[in-house]
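Q: build me a structure from this.
(chains A and B)
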There are 2 protein chains.
Amino acid sequence: MNTVAIVGVGLIGGSFALALREAGFAGKIIGVSSPGAVRVAIEHRIIDEALPLPEAAALADLIYLARPIEGILSVLDELDAYVKPGALVTDAGSTKAAICARAAEKIHRARFVGGHPMAGKESRGAGEAEASLFRNRPYILTSDSPELEHLIASIGARIVKISAGEHDRLVALTSHLPQLISTALASSIRTEPEASRVAGPAAMDLTRLALSPYEIWRDIFATNADNIDSALGVFIAKLESLRSQLRSAQMEQEFNAASAAARRLRAKDVISPL
Amino acid sequence: MNTVAIVGVGLIGGSFALALREAGFAGKIIGVSSPGAVRVAIEHRIIDEALPLPEAAALADLIYLARPIEGILSVLDELDAYVKPGALVTDAGSTKAAICARAAEKIHRARFVGGHPMAGKESRGAGEAEASLFRNRPYILTSDSPELEHLIASIGARIVKISAGEHDRLVALTSHLPQLISTALASSIRTEPEASRVAGPAAMDLTRLALSPYEIWRDIFATNADNIDSALGVFIAKLESLRSQLRSAQMEQEFNAASAAARRLRAKDVISPL
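A: Prediction:
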C-alpha cells in the first residue's frame, strides 16, 4: 500500500492519517477536503498534499471516507468511475446499513468494507486530530478484509466484526440513545432557570453530549430512525419501571443489575460469542 | 471556633476536614465514625482524634453531619442533649426537607443550618478525601448563618442559598434524575449482550453514575420521591417529544436549545434572579 486518500480531513480523517504515520506508514497521504480543512491539515503535517476527488482516487490504494454520512453517500455515487481497479475503499460513517447498501450498488471496480471507529471527542476539525484517538477503542468492520484488519490493528484499535444491520441496531442503543437522553435532560433542566445554581457533577456529565452540533446527527437520525425509535422504547419502559419502584425495596436489585452491566461495559477484554 | 466534630468521616466529611485545615483552621478536629473509618482518617491525618458522639458534641463549636440521610436523621434525634449550647450544627445530606424538618423539631440548644455540597466522586471513604473537593462547586445552605457562610467561602465553594423544599425540587432534576437515567441506560444496554462490543465514549459517560452503590440512594428516594417522580415525568415527556421528531427538521431547534442550556450550566458565573 503506497498511497492513501483521506476524503474529509476532519477530526476522524485527520486522526486516521496521524495514526497511520505513527504506525509506520511511509507512503503518500492525500487529502480531499474543503480549502479550510486542507490548510489546517497541511499546517499540522497531517496530509502530504491535497487533490480533488477524481485525481486522489486515481492514485490511492486505500480510500478512507470520513465525511458525515450524507457526504459519504454522495462520494459513493461518483467514486467508482475514478478508482484504481482493486483499490480498497472504507468509511468511518456513524451508521452502516445505508452506506453499505449504497456501496454495494455503486462500487464495482474497487473493494468496499464498511467501518466505524467508536472514538471521538467534543472538539472537531483536523486541528484536533490525534494519532492515539482510536487506541483501545472498538473499530467496527462490516466484512472481512485481512489487509484492512491488519491496518486497523496496527493503529491500536480493537476490531469488532459485525453486520451493518447489527451495527446500526446496537449503536442505536449505545450511541444514538445516549445523545437523545443528554439532549432531553438539558432541555428538561432548561425548564428550571434556578437549576443551574445547584447543578453538580452528575448534571455536567450527563449533559455533555447535548453540546454536540446537530449537523452530524441529522444524517444519523435520517439513516437509523427505526432502530433509534426501538431503543427509545426500551429505555423509556425501563425508566417508567424504575419510576414505579422509587419507594420499593426492589430498586436495590435494579441498581445492582445496572451497576453490573456498567462494569461489564468497562471490562478490558470483552469475550464475544461471535 | 476552636473545635469541629465531623460525624461520619467518609469522602465528604473527610474532605471537609482537609479543606478546613487547608483554609487555615488551627483548632481540633474530632471524628465520630466507625472504627474502620476512624483508622483511615487518623492514618491520613484527617482528624486529630476520635470520640463517641456525646463526648465529641460536648466539645464542638461546629458539628458537621456527613452520614447518609438516615444516619443524619438518627443523629438529630439524640444530638440536642449533648451539644454545647449555641453550637452550630450543619449537615451534608443529599436531600434537605426531611433533615431540616427533623432538626427544627429536635434541635433546640444549638443552631442548625442545612447544607449540601454539590461535589463528590466515584470512589468513597476517607482515604479518597481531598481538600479541593468543594472548590468552585455549588454549596447549598438552607438558611442564613454568617459564621458558616464565612467558613464555606473559605474552602472555595460557591454558596447558594435556597430553601430546603426548593433544593429538593431542583436536585431531583439535576442529580436524582441523572442517576436514574444512568441506571436505566445501563439496564437497557444489558438487554443486548453484544452492545458492550460497540460501546464508545457516549455509553461510557452516561453509564458512569450507574456504578453508584444503592445504599446512598435508598435514603434519597425515601425522602424525595414526589419531586423525583415529577422530574421523571418532565424528562420522559421531553424524550417522547424528541422521539416523535426523529425525522423532522424541528429537531435542529431542539438540539440548539438543549445545547444552549448545557452551555449555560457550564457558565462560570451563574447570574441568579434571587
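Q: tell me which residues touch residue A:180, please.
A: A:228, A:232, B:239, B:242-243 (C-beta atoms under 8 Å, 6 or more residues apart in numbering or on different chains). Every residue, glycine included, has its C-beta placed from N, CA and C.
Q: so of the residues you listed, which ones are in helices?
A: A:228, A:232, B:239, B:242-243 (DSSP state H).
Q: distance to residue B:257 and pLDDT added to the residues you listed, as TSV?
A: Below are the ones in helices among the contacts of residue A:180 laid out as TSV (distance: C-beta to C-beta, whole Å; pLDDT from 0 to 100):
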residue	distance to residue B:257	pLDDT
A:228	20	98
A:232	19	98
B:239	15	98
B:242	11	97
B:243	17	97
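Q: pull the most distant pair out of those residues.
A: Greatest spatial distance among the ones in helices among the contacts of residue A:180 (C-beta to C-beta): A:228 and B:239, at 11.4 Å.
Q: of those two, who's got more company?
A: Higher neighbour count among residue A:228 and residue B:239: residue A:228, with 26 against 23, using other C-beta atoms under 10 Å in any protein chain shown.
Q: my read: the more buried one touches residue A:234, true?
A: No: contact between residue A:228 and residue A:234 fails when scored by C-beta atoms under 8 Å: they sit 10.9 Å apart.
Q: ok, for the residue in the stretch 1-150 of chain A positioned nearest to chain B, nearest residue in space, not its chain neighbours?
A: Going by C-beta to the nearest C-beta, chain B is nearest to residue A:118 of the stretch 1-150 of chain A, at 3.3 Å. Sequence neighbours aside, residue B:200 is the residue nearest to residue A:118 in space, at 3.3 Å (criterion: C-beta to C-beta, 6 or more residues apart in numbering or on different chains).
Q: secondary structure element for the most centrally placed residue in chain A?
A: Nearest to the mean C-alpha position of chain A, by C-alpha atoms, centre = their mean, lies residue A:94 at 4.3 Å. Counting by DSSP states H and E, there is no helix or strand that carries residue A:94.
Q: can you tell me how far it is from residue A:118?
A: From residue A:94 across to residue A:118, the span is 10 Å (C-beta to C-beta, to the nearest Å).
Q: okay, and the common contacts of these two?
A: With C-beta under 8 Å, 6+ apart as the test, residue A:94 and residue A:118 both reach residue A:175.
Q: domains in chain A, by residue range?
A: A:3-162, A:165-265 (automatic domain parsing).
Q: hmm, back to that, was I right about the residue nearest to residue A:118 contacting residue A:121?
A: No: between residue B:200 and residue A:121 there is no contact, the gap being 10.9 Å when judged by C-beta under 8 Å.
Q: for these two, indicate the residue with more neighbours.
A: residue B:200 (19 against 11).
Q: output the lowest mean pLDDT helix or strand found in chain A.
A: helix A:195-198 (a mean of 90; mean pLDDT, DSSP states H and E).
Q: mind giving me the packing neighbours of that helix?
A: On a contact count with 3 or more C-beta pairs under 8 Å, 6 or more residues apart in numbering or on different chains; DSSP states H and E, helix A:195-198 meets strand B:138-141, helix B:164-171, helix B:251-265.
Q: relative to residue B:222, which of those is closest?
A: Among these, the nearest to residue B:222 by C-beta to C-beta is helix B:164-171 (12.3 Å).
Q: show me what the closest one is packed up against.
A: Helix B:164-171 packs on helix A:195-198, helix B:97-106, helix B:214-243, going by 3+ C-beta pairs under 8 Å, 6+ apart.
Q: most packed of those?
A: helix A:195-198 (a mean of 23; mean count of other C-beta atoms under 10 Å in any protein chain shown).
Q: quick check, distance from stretch A:133-142 to the centre of its chain.
A: Averaged C-alpha coordinates place stretch A:133-142 at 9 Å from its chain's average position (C-alpha atoms, centre = their mean, to the nearest Å).
Q: and chain B, is that stretch touching that?
A: Yes: judged by C-beta under 8 Å from any C-beta of the partner chain, stretch A:133-142 and chain B are in contact via A:137-138, A:140.
Q: ok, of the residues you listed, which come out buried?
A: Among the residues of stretch A:133-142 next to chain B, those scoring as buried are A:137-138, A:140 (criterion: 16 or more other C-beta atoms under 10 Å in any protein chain shown).
Q: dump the residue contacts of residue A:227.
A: Neighbours of residue A:227 in contact, by C-beta under 8 Å, 6+ apart: A:168-169, A:172, A:176.
Q: what would those residues look like in TSV with neighbour count and pLDDT?
A: As requested, these are exported to TSV (neighbours: other C-beta atoms under 10 Å in any protein chain shown; pLDDT from 0 to 100):
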residue	neighbour count	pLDDT
A:168	25	98
A:169	22	97
A:172	25	97
A:176	24	97
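Q: out of those residues, who's nearest residue B:253?
A: For the contacts of residue A:227, the nearest to residue B:253 is residue A:176 (18.9 Å; C-beta to C-beta).
Q: from chain B, how far off is the closest one?
A: 9 Å (C-beta to the nearest C-beta, to the nearest Å).
Q: distance between stretch A:164-184 and the chain's centre?
A: 11 Å.
Q: please save the CA atoms from stretch A:109-118 in PDB.
A: Taking C-alpha atoms only, stretch A:109-118 is exported to PDB below (Å, rounded to 0.1, in the frame of the first residue of the first chain):
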ATOM      1  CA  ARG A 109     -14.200  -1.700  -9.600                       C
ATOM      2  CA  ALA A 110     -12.900  -1.400  -6.000                       C
ATOM      3  CA  ARG A 111     -13.500  -3.400  -2.800                       C
ATOM      4  CA  PHE A 112     -15.600  -1.800  -0.100                       C
ATOM      5  CA  VAL A 113     -15.600  -2.500   3.600                       C
ATOM      6  CA  GLY A 114     -17.800  -0.500   5.900                       C
ATOM      7  CA  GLY A 115     -16.100   0.800   9.000                       C
ATOM      8  CA  HIS A 116     -16.900   2.800  12.200                       C
ATOM      9  CA  PRO A 117     -14.300   3.800  14.800                       C
ATOM     10  CA  MET A 118     -16.100   4.200  18.200                       C
END
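Q: which residues touch stretch A:12-22?
A: A:4, A:6-7, A:9, A:29, A:31, A:33, A:41, A:44, A:46-47, A:64, A:66, A:92, A:117, A:119-120, A:125-126, A:128-134, A:151, A:155-156.
Q: for that stretch, buried residues please.
A: A:12-21.
Q: same thing with stretch A:37-46?
A: A:37-38, A:40-42, A:44, A:46.
Q: just how off-centre is it within its chain?
A: Per C-alpha atoms, centre = their mean, the centroid offset for stretch A:37-46 relative to its chain is 22 Å.
Q: how about stretch A:80-100?
A: Worked out by C-alpha atoms, centre = their mean, stretch A:80-100 lies 15 Å from the chain centre.
Q: low-confidence stretches in chain A?
A: A:268-274 (pLDDT under 70).
Q: ok, how many other residues are close to residue A:52?
A: Neighbour count of residue A:52, defined by other C-beta under 10 Å: 9.
Q: what's the neighbour count on the nearest residue to it once chain neighbours are set aside?
A: Spatial nearest neighbour of residue A:52, chain neighbours left out: residue A:32 (6.9 Å); criterion: C-beta to C-beta, 6+ apart. Residues lying near residue A:32 (other C-beta under 10 Å) number 28.
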